[in-house]
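Participant: structure for this input, please:
(4 chains)
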Protein chains: 2
Amino acid sequence: MDENKANKRVGIKDIAKEANTSIASVSLVINGKDNGKVADKVKKRILEAIKKLNYQPNLNARTLKSGDSVLIGLIVPSITNHFYPELIKGIMQRADELGYYIVIFDSENDFAKEEAYVRTLRSISAKGIIIAGVYDDDGREERMFHELKEQGVPLLQVDRFNPIHQLPYVGLDNYQASYEMTKYLLSIGHERIALLMPQGKQYIIEERRRGYEKAMKETDHDIEDGIFYLDAIHFSNLDDCVKNIIESPKRFTAIYDANGDISAIEVIKELRKNDLIVPDDIGVTGFDDVYVSALIKPALTTIRQPKYELGKNAMDLMKQIIDGNNTENMGIQLKGQLIARGSVSVIL
Amino acid sequence: MDENKANKRVGIKDIAKEANTSIASVSLVINGKDNGKVADKVKKRILEAIKKLNYQPNLNARTLKSGDSVLIGLIVPSITNHFYPELIKGIMQRADELGYYIVIFDSENDFAKEEAYVRTLRSISAKGIIIAGVYDDDGREERMFHELKEQGVPLLQVDRFNPIHQLPYVGLDNYQASYEMTKYLLSIGHERIALLMPQGKQYIIEERRRGYEKAMKETDHDIEDGIFYLDAIHFSNLDDCVKNIIESPKRFTAIYDANGDISAIEVIKELRKNDLIVPDDIGVTGFDDVYVSALIKPALTTIRQPKYELGKNAMDLMKQIIDGNNTENMGIQLKGQLIARGSVSVIL
DNA sequence: CTGAAAGCGCTTACAG
DNA sequence: CTGAAAGCGCTTACAG
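Facilitator: Numbering: from 1, shown residues only, chains lettered A, B, ... in the order given. From the prediction side, this is the model:
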């Protein structure tokens, strides 16, 4: 079976022969590096030959020789997380415009996989790596990031960033968004607000906690025993969290799930199992604003993340890094938007 | 700025020097092609050197020389379509196990883009291409597919297939699934069922129509004027479609939206705008079973597509094609599963 | 302005 | 069993 063997592809050599010139001139023309270096007549012949023979450059050869690749690596923790496809689309579309293409990986929130994929990306000489990191407490990820930086690999954190890494990033202003959500809940009369957080020590999650605390404290509200920690990946302790919240002597009137909308929807389901009605008995708000959030009953009050914009900005910044512009300590934080819907009611 | 310049990477040459042997032996060991050709002692030294110097093979060089790439191209019509992320995950996970990685593209249902991406994939010598094609009426896509086949590029259709292309594919048994959906509706008392279809001439959609017609005809039900065509991408004429259905003298009791669940949800919204209650006044069923389908009220009755399995099977078949096994006319059709929920009620 | 030549890091016959 | 050498398709100084 040699059916899979590609017909001999036309190369720069064939173009040179067809156009009756040297391969050097052909290369120059292809790469637009002929500023008067190639005679117009010759250039025209080359262009015609390229069209005639339907020439496609061999990018492996180009990358091997010049070190320049058109491939950008993208590692996300879970492509089926409703948050990512739109962000990925933003990255892809901008990448396409800039002449780059995306090699995509799903780390499944597993650092070992993330690390292996980074290695793969180095093997294919990817021009840069964009990472939405795993939950990581023990500093291995940070060490890997810095190793990459030292090796001169353009690296960018997206969504899951931490400024402490001293690496460029694109993400949300989680502090501000969370502050606004909490202020909103307070403004419609909720005084005892439970904050549900993913377990682990992600910076962006800590920022959400800080925003909540700021809003609560500056209005003299008690936050003691108000924070609950959820297994954000498998929701394995979600029933316990909900139980602890509804049985708390604090008598919470609202749950702000900083873990995201899908998580908030699961919380609503669990509340129903406990015969509690949302929003009448207790309010629930989320984070992200995914497609389903507006469709469920009651529709979910949440923070909208500009997912597509996040992706677009990420690729733009990656381009800056690749071009060697000074991106030292450069971080972009986009604003979230409060979307008030029906999952939390107004208390007099 | 030469910060982006990678430190000189360690190559096969460095390993040879470190292990005090030739680069040929190193290459043999790396590729597992040393069957007693390399002395155990030497092999051990090579392995140690690889570990010590943290060697990563340059896959561009390997691909250039041997023609073997680890990259598989994947082109989907819309990554934000709720159907695809899980399918992509299936492909990615299986690819990873097989030592391949995915370069992903979103054609945005635009054939010109699809074609450009195929060209890019050829440029990077991708080992194979998996495509969920665009809606395409004029045969350009089919022509491109055959050109690729002639050129010996491993090619596979996923989800959006058409057996007429004589190309391997992995998709759903749409005929059977649609037949079952229609039979189900008939079995619970619906006699006048409107079929909502995407415009265009996709094979898989035609199959859904065939399944519907078979079920209707074999139970002597009228299908005249029962089919409505929707702009499946932008839903631009969805209001008209719904209007035509509810104002039809046929007095339909159910709408089977073969365009998918997201479309069916939009139909439900539109019915509500017309003060019609689902399922009491009219039933609605969908296709795909995405995450949101179970969450809305009423929960959507639909056909579950095994998305992850579709992806996994696709990558498995791609591997067969790459390996040069006989895949002539090989198509895999997985079964859909009827999921009865509350969006259509039982009629006596 | 053009052409011959080196070399990117590999793989793979081939000679010893 | 090992090593020297050609060559994959490019890019890029460099000589003319």
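Participant: what parts of chain A come near DNA strand D?
Facilitator: A:8-9, A:11-13, A:23-24, A:27-28, A:30-31, A:33, A:55, A:57-58, A:61-62, A:64-66 (Cβ under 7 Å from any atom of the strand). Backbone N, C-alpha and C define where each C-beta goes, glycine included.
Participant: and the buried ones among the residues you listed, selectable in ChimeraX?
Facilitator: Buried residues among the residues of chain A next to DNA strand D (16 or more other Cβ atoms under 10 Å in any protein chain shown), as a ChimeraX selection:
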select /A:9,11,12,27,28,30,55,57,58,61,62,64
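Participant: so for the closest residue to A:Leu71 other than its chain neighbours, what's the pLDDT?
Facilitator: Counting by Cβ to Cβ, 6 or more residues apart in numbering or on different chains, A:Leu71 lies nearest to A:Ala126, which is 4.8 Å off, once chain neighbours are set aside. pLDDT, A:Ala126: 96.
Participant: with A:Glu3 instead?
Facilitator: Value for A:Glu3, per-residue pLDDT: 33.
Participant: next: the one 4 residues further on.
Facilitator: The per-residue pLDDT reported for A:Asn7 equals 53.
Participant: same check, this time on the one 10 residues further on
Facilitator: According to the prediction, A:Lys17 has pLDDT 89.
Participant: enumerate every residue touching the residue nearest to A:Leu71.
Facilitator: Residues near A:Ala126 by Cβ atoms under 8 Å, 6 or more residues apart in numbering or on different chains: A:Ser69, A:Leu71, A:Ile72, A:Gly73, A:Val103.
Participant: list the contacts for the third one?
Facilitator: By Cβ under 8 Å, 6+ apart, the contact set of A:Ile72 is A:91, A:95, A:100-103, A:126-130, A:315, A:318.
Participant: now with 6 Å, please.
Facilitator: Residues near A:Ile72 by Cβ atoms under 6 Å, 6 or more residues apart in numbering or on different chains: A:Ala95, A:Tyr100, A:Ile102, A:Lys127, A:Gly128.
Participant: equivalent analysis for A:Phe228, please.
Facilitator: A:Leu196, A:Cys241 are the contacts of A:Phe228 under Cβ under 6 Å, 6+ apart.
Participant: all helices for chain A, in order.
Facilitator: A:12-19, A:23-30, A:40-52, A:59-66, A:84-98, A:111-123, A:140-150, A:174-187, A:203-218, A:238-247, A:261-273, A:307-322 (DSSP state H).
Participant: re earlier: restricted to strands, list the contacts of A:Ala126.
Facilitator: Using DSSP state E, the subset of the contacts of A:Ala126 located in strands is A:Leu71, A:Ile72, A:Gly73, A:Val103.
Participant: out of the residues you listed, who's the most crowded?
Facilitator: Among the ones in strands among the contacts of A:Ala126, A:Ile72 has the most neighbours (other Cβ atoms under 10 Å in any protein chain shown), with 27 neighbours.
Participant: interface residues of chain A facing chain B?
Facilitator: Residues of chain A lying close to chain B (Cβ under 6 Å from any Cβ of the partner chain) are A:1, A:3-7, A:56-57, A:59-61, A:63-64, A:79-80, A:85-86, A:88-89, A:92, A:101-104, A:106, A:122-125, A:151-152, A:292, A:295-297, A:324.
Participant: of those residues, buried ones?
Facilitator: A:4, A:56-57, A:59-61, A:63-64, A:79-80, A:85-86, A:88-89, A:92, A:101-104, A:106, A:122-125, A:292, A:295-296.
Participant: number of residues surrounding A:Gln166?
Facilitator: 14.
Participant: just give the nearest non-adjacent residue to A:Lys149, would you?
Facilitator: Among residues not flanking A:Lys149 along the chain, A:Leu155 sits closest, at 6.0 Å (Cβ to Cβ, 6+ apart).
Participant: how much space is there between that neighbour and A:Glu247?
Facilitator: From A:Leu155 across to A:Glu247, the span is 45 Å (Cβ to Cβ, to the nearest Å).
Participant: more neighbours: those two, which one.
Facilitator: The neighbour comparison of A:Leu155 against A:Glu247 (other Cβ under 10 Å) goes to A:Leu155, with 24 against 10.
Participant: can you check the pLDDT for the more buried one?
Facilitator: 96.
Participant: tell me if I'm right that it and A:Leu148 touch.
Facilitator: Yes: the criterion here is Cβ atoms under 6 Å, and A:Leu155 meets it with A:Leu148 at 5.0 Å.
Participant: what lies in contact with stretch A:27-44?
Facilitator: A:Thr21, A:Ser25, A:Ile46.
Participant: check the ones in strands among the contacts of A:Ala126 against DNA strand C and report the nearest one.
Facilitator: A:Leu71 (16.2 Å; Cβ to the nearest atom of the strand).
Participant: the closest one contacts A:Val103, doesn't it?
Facilitator: Yes: judged on Cβ under 6 Å, A:Leu71 makes contact with A:Val103 at a distance of 5.3 Å.
Participant: ok, back up a step: can you pick the most crowded of the contacts of A:Ile72?
Facilitator: A:Ala95 (26 neighbours).
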